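Participant: Next one to model:
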Amino acid sequence: MGRPQPRSTTTARWRAPTSRWATRSSSSTVRTASGWSAPSKLRGGARRPERPPGPARVPVHPKGSPGRRSLVDWALPPNYSTFGVVIDQLFWIILVITGIAFLLVEGGIVWFCIKYRGREGARAHYTHGSNRLEIIWTVIPAIIIAILGAHSALVWDDIKGSSNRPADALEFLVVGKQFEWNITYPGVDETLGTADDFTVRNQFHFPVNEDITILLESEDVIHSFFIPELRVKQDAVPGMTIPVWFDATQTGNFEIACAELCGLGHYYMMASVTVHSAADFDAWQASQAPAAAQ
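Facilitator: Okay, here's the model as predicted:
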């Protein structure tokens, strides 16, 4: 048998750490006017998906804007939707009930661990349980869950039920694709499918205090249309057109995020949301007409 060959020292894997980091730092990361850009390649040689050109996806929230939040915020985001109140109430009711149940169960476990811990000379006590207690802790949670389920169904129907879809809402077509949102506006005639429609990428503008319906579609994979401050979250499924409606109660700047993992570029699939006064929205939409006609 021949002598075993020594392990090669020429590959980057077995080089000194300095070579490894030097190799990593030689990526195509560059600084631009807007900051540092991501390297064009990922580890292992895979190419990072390029961001399509266009306006910035993350809106800048000026001080005092509804969309501005602190870095650490454990509460729900501010609500600027007409049906956000009932959603938040249901959330807190469920949180309190499940929180109490959690404390009781975990507290009982800790208490049993301490009270019945092994002691020298202690004799074991055997029990076959209590039918009465078992019935109580089964029936009471079942009743609570049934009540919460019935209440949740009513809230869901108010928000998602087809019979509650506003008939005179302003409609938009929103199409998700890797990794952007394309919004088609109805134009000055406020009717989709006519000659004055126009499409804007990653910018969603609409008026305050008006029923808004979006027709949500996906061009490739499943995405999730999510505006936390408006309590709107809906999956966009290829081959389906899903209506979603809401009514914003305050002007401001917000953000659409994709809440469904949809590929390597999922982390930057976001768009800006601007809620205007009625007059400002009409002016903005009219300003887009010349560009759309070209």
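Participant: what is the mean pLDDT for stretch 84-100?
Facilitator: Average pLDDT, stretch 84-100: 93.
Participant: ditto for stretch 275-290
Facilitator: 88.
Participant: Mind listing what's buried along it?
Facilitator: Val275, His276, Phe281, Trp284, Gln285, Gln288 (16 or more other C-beta atoms under 10 Å). All C-beta spots, glycine's among them, are computed from the backbone N, C-alpha and C.
Participant: residue ranges with poor pLDDT in the stretch 51-200 of the chain?
Facilitator: Within the stretch 51-200 of the chain, the set of residues satisfying pLDDT under 70 comprises 51-73.
Participant: before we move on, which element is Ala175 in?
Facilitator: Not Ala; residue 175 is Val. Element membership for Val175 (DSSP states H and E) is strand 170-177.
Participant: right, and Lys233 touches Ile242 too?
Facilitator: No: the criterion here is C-beta atoms under 8 Å, and Lys233 misses it with Ile242 at 11.8 Å.
Participant: Which of the three states applies to Gly107?
Facilitator: Secondary structure for Gly107, judged by DSSP: H, G, I helix; E, B strand; the rest coil, is helix.
Participant: picking up where we left off before, what about the buried residues of stretch 275-290, which are in strands?
Facilitator: Val275, His276 (DSSP state E).
Participant: which of the buried residues of stretch 275-290 sit farthest apart?
Facilitator: For these, the maximum inter-member distance is 16.6 Å, found between Val275 and Gln288 (C-beta to C-beta).
Participant: quick one, what contacts Thr181?
Facilitator: If you look again at residue 181, you'll see it is Trp, not Thr. Applying C-beta atoms under 8 Å, 6 or more residues apart in numbering to Trp181 gives the contacts Val174, Val175, Arg201, Asn202, Phe204, Phe225, Ile256, Cys258, Met269, Ala271.
Participant: Which helix or strand contains the fifth one?
Facilitator: When secondary structure is defined using DSSP H and E, the element that contains Phe204 is strand 203-207.
Participant: next one: the last one
Facilitator: Take DSSP H and E as the rule and Ala271 turns out to sit in strand 270-276.
Participant: can you give me the helices in this structure?
Facilitator: With helices called from DSSP state H, the chain shows them at 17-25, 84-115, 131-160, 278-293.
Participant: Among those helices, which comes closest to Thr184?
Facilitator: Once the helices of the chain are compared by C-beta to C-beta, helix 278-293 is nearest, at 10.2 Å.
Participant: Tell me who's in contact with the spatially most central residue of the chain.
Facilitator: For the chain, the residue nearest the mean C-alpha position is Ala259 (3.5 Å; C-alpha atoms, centre = their mean). By C-beta under 8 Å, 6+ apart, the contact set of Ala259 is Ser224, Phe225, Phe226, Lys233.
Participant: ok, now with 6 Å
Facilitator: Counting by C-beta atoms under 6 Å, 6 or more residues apart in numbering, Ala259 makes contact with Ser224, Phe226.
Participant: Relative to Gly149, how far out is it?
Facilitator: Using C-beta to C-beta, to the nearest Å, Ala259 is found at 24 Å from Gly149.
Participant: mind giving me the domain ranges of the protein?
Facilitator: Residue ranges for the domains of the chain, per automatic domain parsing: 84-121+129-163, 167-293.
Participant: Could you identify which of the ones you listed is most buried?
Facilitator: The highest mean neighbour count among the domains of the chain, using mean count of other C-beta atoms under 10 Å, belongs to domain 167-293: a mean of 17.
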